[in-house]
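Asker: Okay, here's the prediction I keep looking at, along with the sequence it came from:
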Amino acid sequence: MPGATDATAPVSCRICDGDVEEFLDLGRQPLSDRFPAPDDEGEEFFYRLGVGRCRTCTMVQLTEEVPRHLMFHEDYPYHSSGSSVMREHFAKAAQRFLATELTGPDPFVVEVGCNDGIMLGTIQAAGVRHLGFEPSTGVAEVARSKGMRIRTDFFEAATAMEVRAAEGPADVIYAANTMCHIPYLESVLKGADALLTPDGVFVFEDPYLGDIVAKNSFDQIYDEHFYLFSAGSVRAMAERFGFELVDVERLPVHGGEVRYTLARGGARTPTAAVGRLLADERDRKVTDLASLRAFTADVHKIRDDLVALLERLRAEGRRVVGYGATAKSATVTNFCGIGPDLVSFVCDTTPSKQNRLTPGRHIPVRPAAAFSDPYPDYALLFAWNHAEEIIAKEQEFQQSGGRWIRYVPEVHVT
Ligand code: SAH
Ligand code: TYD
Ligand code: ZN
């Protein structure tokens, strides 16, 4: 087969240069957060979404890198503050920092990927010195307009050093759902090393490989999610770049995440939670290739089951709409081949996605109000990570006889 050898040839690990063995091919994919306008004649950018694991450091990563300026720019449509659960989650994270790490005379916290200011708002309200790095100017402007201090830039070694020189050291660097977006983590950790106080911490939280594999949530894999972290791979990365993994905390948000705390090597004593999660990963063989290949088999089954269900519903004349034009849904619709013939539209609360088309498969995106006008027979829950919040507010849909279709951990209708 021409090209087949090339497609699976090992690539080098972005962290340690070891061999990355591919275990999942999610096919040709568009940018997950670019929603073309219906009259947009421009060509969409596509790449091949392959996922592999490093034989040396176990880091799970994409085998192709999408240039960052294509993903993060003035029209980046994701606004963090769209979920009330996430607003509360980040308010709590900020309060924790204020109570623990930020108690000195003039504390300073830097956030990487602050988006619309969902976390920094609480820091600002407490009058604590802060700086948010946010390269996507549209969302950065939202935070700035609320009075937060924002630098419209990518965080990396050079920009971090400039902040160190101009503003002094930071007590905390925090990044939520952003570290996994950054292939060039060596540069980021060099920047953190330059910027942090000797006892400072770098805290970041991202979707957890252990949960992704357990829940078959393959839609957590898309262009922006370059890495799927585990405690083992994060520890190896930290040590490689002069840091130590000193705490981990599992979080329920976005389908299961881990909050990692890095400190300089030897500066803090690792908590027992670190050893426990590492042992759990070894017991569950989270990064073993055999486990990852079993995940791949599950993902193929989900694709077959979901397409079969949607085709049956179409044949029965049922109306199916999507709920939440998530970045994740780009992976699902493009991998499974789901277009407007199977899902008539996707509703979403984000104005910058509305009246546009989903990436690649071009399903129309409609405002949230379209959902009840009239209610469909079935709603395909693309924003499954916000299920609790959404199902609570859509009681009427269920009362009208509507059913939810979910595809993680397997295809089921509720
Ligand atoms: N922290 C928010 C936003 C996550 S989305 C939340 O958890 O909801 C990821 C954000 O990271 C985007 O807003 C993107 O523009 C930003 N980003 C991407 N690369 C970055 C980098 N190198 N430095 C800082 N921000 C970055
Ligand atoms: P999310 O799952 O947070 O992230 P990603 O895009 O990275 O996969 O995205 C949630 C999307 O769902 C976002 O576009 C807003 C939308 N949404 C609704 O339409 N209604 C809701 O009640 C909620 C919570 C989200
Ligand atoms: Zn590696």
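Answerer: Nice, thanks for sending it over. Ligands and ions are numbered 1, 2, ... in the order given.
Asker: For the rest of this, base every contact and every neighbour count on C-alpha atoms.
Answerer: OK.
Asker: Could I get the full set of strands for the stretch 101-250 of the chain?
Answerer: Listed in chain order, the strands found in the stretch 101-250 of the chain under DSSP state E, counting those that start in this stretch are 108-112, 129-133, 150-151, 170-176, 196-207, 227-228, 243-251.
Asker: and what of the stretch 301-414 of the chain?
Answerer: Ranges of strands in the stretch 301-414 of the chain, per DSSP E, counting those that start in this stretch, are 320-323, 346-348, 365-367, 378-381, 403-406, 412-413.
Asker: Paired strands for the second one, with orientation please.
Answerer: When pairs are called by DSSP bridges, strand 346-348 turns out to pair with strand 320-323 (parallel), strand 365-367 (parallel).
Asker: Is that strand positioned near ligand 2?
Answerer: Yes. Shown here: strand 346-348 in contact with ligand 2 (C-alpha under 6 Å from any ligand atom) through Asp348.
Asker: Going forward, count from 107.
Answerer: Renumbered: residue one is now 107, and that last one reads strand 452-454.
Asker: For that strand, what does the pLDDT average out to?
Answerer: For strand 452-454, mean pLDDT rounds to 98.
Asker: Give me the residues contacting it.
Answerer: 427-431, 460, 469-477 (C-alpha atoms under 8 Å, 6 or more residues apart in numbering).
Asker: Spatially, which two of the residues you listed are the most separated?
Answerer: Greatest spatial distance in those: Ile469 and Ala475, 16.8 Å, computed using C-alpha to C-alpha.
Asker: between these two, which one's more packed in?
Answerer: Ranked by neighbour count (other C-alpha atoms under 10 Å), Ile469 and Ala475 place Ile469 first, with 25 against 12.
Asker: tell me the contacts of the more buried one?
Answerer: Gly445, Pro446, Val449, Ser450, Phe451, Val452, Leu463.
Asker: Point out where the stretch 407-520 of the chain drops to low pLDDT.
Answerer: Scanning the stretch 407-520 of the chain for pLDDT under 70 picks out no residues.
Asker: For it, what lies in contact range of ligand 2?
Answerer: Contacts of the stretch 407-520 of the chain with ligand 2, taken as C-alpha under 6 Å from any ligand atom, map to Gly430, Ala431, Thr432, Ala433, Lys434, Asp454, Thr455, Thr456, Ala489, Asn491, His492, Ile496.
Asker: Buried ones among the residues you listed?
Answerer: By neighbour count, with 16 or more other C-alpha atoms under 10 Å, these hold Gly430, Ala431, Thr432, Ala433, Lys434, Asp454, Thr455, Thr456, Ala489, Asn491, His492, Ile496 as buried.
Asker: my guess is Thr243 contacts His179, does it?
Answerer: Yes. The criterion here is C-alpha atoms under 8 Å, and Thr243 meets it with His179 at 6.3 Å.
Asker: Tell me which of those two has more neighbours.
Answerer: The residue with more neighbours, out of Thr243 and His179, is Thr243; 21 against 16, by other C-alpha under 10 Å.
Asker: Quick check: closest non-adjacent residue to the residue in the stretch 357-506 of the chain that ligand 1 sits nearest to.
Answerer: Proximity to ligand 1, evaluated over the stretch 357-506 of the chain using C-alpha to the nearest ligand atom, is greatest for His360 at 9.5 Å. Spatial nearest neighbour of His360, chain neighbours left out: Asn491 (4.8 Å); criterion: C-alpha to C-alpha, 6 or more residues apart in numbering.
Asker: The one you found: what's it in contact with?
Answerer: Applying C-alpha under 8 Å, 6+ apart, the residues near Asn491 are Val359, His360, Gly361.
Asker: residues contacting the second one?
Answerer: His360 makes contacts with Pro313, Asn491, His492, as judged by C-alpha under 8 Å, 6+ apart.
Asker: Assumed it was part of a strand.
Answerer: No. Assigned with DSSP: H, G, I helix; E, B strand; the rest coil, His360 falls outside any strand and is helix.
Asker: I figured Pro457 hits Arg472, correct?
Answerer: No. Applying C-alpha under 8 Å as the test, Pro457 and Arg472 come out as separate, 9.2 Å apart.
Asker: of the two, who's got more company?
Answerer: Taking neighbours as other C-alpha under 10 Å, Pro457 and Arg472 compare with Arg472 leading, 24 against 15.
Asker: how close does that one sit to Gln501?
Answerer: 20 Å (C-alpha to C-alpha, to the nearest Å).
Asker: what bridges to the residue nearest to Glu311 when sequence neighbours are not counted?
Answerer: The spatial neighbour of Glu311 that comes closest, neighbours along the chain excluded (C-alpha to C-alpha, 6+ apart), is Arg365 at 4.0 Å. Bridge pairing for Arg365 (DSSP bridges) gives the partners Glu311, Glu355.
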